[in-house]
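[1] here you go, sequence then predicted model.
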Amino acid sequence: MNKIVAIALREFLATVRTKAFILSVVLLPGIMIGGMLGMEKAQQFARSERMPPRVLAVVDETGALRADLEAQVERANAERPNQPFRLEWLPPGSADMAALVSRVRSGELYGYILVGPEAVEGAGGFTLGRKDNQLQAGRAIEEMVREAIYAVRFRVAGVDPARVAELRLRPVPVTELDGNTGGPVTSNEFARVLTPFIFMFVLFMGTFGIAQGLLTTVIEEKGSRIVEVLLSAVSPTQLMAGKIVGMAAVGFLLLGVWGGVGIAGARSYQITDIVTGYRLALAFAYFVPGFLLMAALLAAIGSACNELKEAQSMVFPLSLITVIPMVFWFYLAEHPASVLSVGLSFVPPITPFVMVLRVCADPDTPVWQIGGSLALLWASVFVAMWAAGKVFRVGVLMYGKPPSLVELARWVRYT
């Protein structure tokens, strides 16, 4: 036991003293804080940025849209005077697509709007083409045309569109309360949507990022033959256990720093109803088995390879699996109780990331799912540790061509 502690302490101190670790401690919180501050500044800059008038060619086959659409454009230009739109009306029946596309490509037009005659009856809509994919501009144009079409429909139905517009412009204030406490919700919607992803991303960095360091260390020590000296004093099992424990301590330190920054940021931005002790506790509860599982797998891979290039090719399939929560994070956060979300919660390599994402999105995630996923995760850890110990014992002293999956399976069966 003393040897394991000594190896763990050596791994811990050797890692935390590196420039890469110091940068990781400072860099990610800096990115998080900079992102929160930068988002506000970017939005302010986007609204104040001066742009030349964006010309939109309009072909209105209904013949009734001009006054209402111009009114909508005038309202939009008043809200963003630095980024105005200008309409160029073309006669009905003159929609020459080739000519419109050519004018957009040349920069003469920002885009074109084609409104069919069936738009007023509600049997059709309009066509929009533009030179870029800017989200804000596209939404603004779509809203202007829709509002103009609605106004014409109201008039055809005998409803005063001016009265409708007046009523719609009157604000409808919403007081949002926390359903669990009955108190007011102080956080904004953007923070509430992004928080589950931040929790998952921090856990991913603390798990996979630190475990990657273990992989690199094993390969370096094996390549320099230092591992042979170490194995003269300790057993392969003690060496692997010490390395994993030491790197786990590094991960705890890293998560502790990042968690402290997160709590401080939550208090300063008044979003403590999102960053709760319950969520932080579950994040740490999933980090421990998640890290041990990942570390065992990477330690086994590192011991079986002689070069980092070989290890990267073997780690690649595992990396593909671990990025699944990153790809589907928005769906998982929006539908935490769906069949896909629950199913992915019981896939051990990604269980910590999926469950932390789900719990942050829905604090009422069933207890049986939390307990069941943790039990499965810990069972996977013991299986992975046992198999990794077998592979590590054989592979750490093997040199030459890296083993195939069949050979790795044979190593696991060795007594």
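    Looks like it came in fine.
[2] after the strand or helix carrying residue 197 comes which helix or strand?
    Applying DSSP states H and E as the criterion places residue 197 in helix 189-204. Once the chain leaves helix 189-204, the next helix or strand it forms, by DSSP H and E, is helix 210-223.
[3] buried ones in whatever helix or strand comes next after that following helix, by neighbour count?
    Following helix 210-223 in sequence order, the next helix or strand is helix 226-231 (DSSP H and E). Neighbour-count burial for helix 226-231, counted by 16 or more other CB atoms under 10 Å, picks out 227, 230. Bear in mind the C-beta positions are built from the backbone N, C-alpha and C, glycine included.
[4] again, but for stretch 65-81
    Here stretch 65-81 shows 65, 68, 69, 71, 72, 73, 76, 80 as buried, counting by 16+ other CB under 10 Å.
[5] nearest residue to the first one other than its sequence neighbours?
    Of all residues not flanking residue 65 in the chain, residue 148 sits nearest, at 5.4 Å (CB to CB, 6 or more residues apart in numbering).
[6] same deal with the fourth one?
    Of all residues beyond its chain neighbours, the one nearest residue 71 is residue 148 (7.6 Å), with distances taken as CB to CB, 6+ apart.
[7] and the one you found, how many neighbours?
    Other residues near residue 148 come to 28 when the count uses other CB atoms under 10 Å.
[8] element containing it, please.
    Residue 148 belongs to helix 135-156, assigned by DSSP H and E.
[9] tell me where the stretch 201-350 of the chain has helices.
    Remark: helices assigned in the stretch 201-350 of the chain by DSSP state H, counting those that start in this stretch are 210-223, 226-231, 236-268, 277-304, 308-322, 324-327, 329-334, 339-344.
[10] and the longest one, which residues are buried?
    Neighbour-count burial for helix 236-268, with 16+ other CB under 10 Å as criterion, is recorded at 236, 238-255, 258-259, 261-262, 265-266.
[11] in this structure, what helix or strand scores lowest on average pLDDT?
    helix 19-48 (a mean of 65; mean pLDDT, DSSP states H and E).
[12] show the subsequent helix or strand relative to that helix.
    Downstream of helix 19-48 (by DSSP H and E), the next one is strand 54-60.
[13] ok, and what's touching the helix or strand just after that next one?
    The helix or strand immediately downstream of strand 54-60 is helix 66-79, counting by DSSP H and E. The contact list for helix 66-79, computed with CB atoms under 8 Å, 6 or more residues apart in numbering, reads 58, 60, 84-87, 89, 140, 143-145, 147-149, 151-152, 161.
[14] how far off helix 135-156 does helix 66-79 point, in degrees?
    140 degrees (axes from the mean of the first three to the mean of the last three CA atoms, to 10 degrees).
[15] show me what the helix or strand where residue 352 lies is packed against.
    For residue 352, the host element (DSSP H and E) is helix 351-361. Under the contact definition 3 or more CB pairs under 8 Å, 6 or more residues apart in numbering; DSSP states H and E, helix 351-361 sits against helix 189-204, helix 277-304, helix 324-327, helix 329-334, helix 339-344, helix 367-395.
[16] between the helices of the stretch 201-350 of the chain, which one is closest to residue 133.
    Judged by CB to CB, the one of the helices of the stretch 201-350 of the chain that comes nearest to residue 133 is helix 329-334, at 18.8 Å.
[17] which positions within the closest one qualify as buried?
    For helix 329-334, by 16+ other CB under 10 Å, it's 329, 332, 333.
[18] how about that helix as CSV, C-alpha atoms only?
    Extracted in CSV, the C-alpha atoms of helix 329-334 (Å, rounded to 0.1, in the frame of the first residue of the first chain):
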residue,chain,number,x,y,z
TRP,A,329,-26.1,17.5,-26.0
PHE,A,330,-28.9,19.9,-27.0
TYR,A,331,-31.4,17.1,-27.7
LEU,A,332,-30.4,15.3,-24.4
ALA,A,333,-30.8,18.6,-22.5
GLU,A,334,-34.2,19.4,-24.1
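[19] please renumber the chain so that the first residue is 28 from this point on.
    Happy to do that; since the first residue is 28 now, the last one works out to helix 356-361.
[20] can you tell me how far residue 419 is from residue 246?
    12 Å (CB to CB, to the nearest Å).
[21] okay, these two: which has more neighbours?
    Shown here are residue 419 and residue 246; by other CB under 10 Å, residue 419 has more neighbours (26 against 22).
[22] what's near enough to touch residue 360?
    Counted by CB under 8 Å, 6+ apart, residue 360 has contacts 220, 223, 224, 384, 385, 387, 388.
[23] give the contact list for the closest residue to residue 91 other than its chain neighbours.
    Distances taken as CB to CB, 6+ apart place residue 179 nearest to residue 91, at 5.0 Å, with adjacent residues excluded. By CB under 8 Å, 6+ apart, residue 179 lies in contact with 89, 91, 92, 95, 147, 188.
[24] and which of those residues is nearest residue 138?
    residue 92 (16.1 Å).
[25] mind listing what that closest one touches?
    So residue 92 contacts 85, 142, 175, 176, 179 (CB under 8 Å, 6+ apart).
[26] do residue 286 as well
    Neighbour list for residue 286: 229, 307, 310 [criterion: CB under 8 Å, 6+ apart].
[27] how much space separates it from residue 159?
    Residue 286 is 40 Å from residue 159, by CB to CB.
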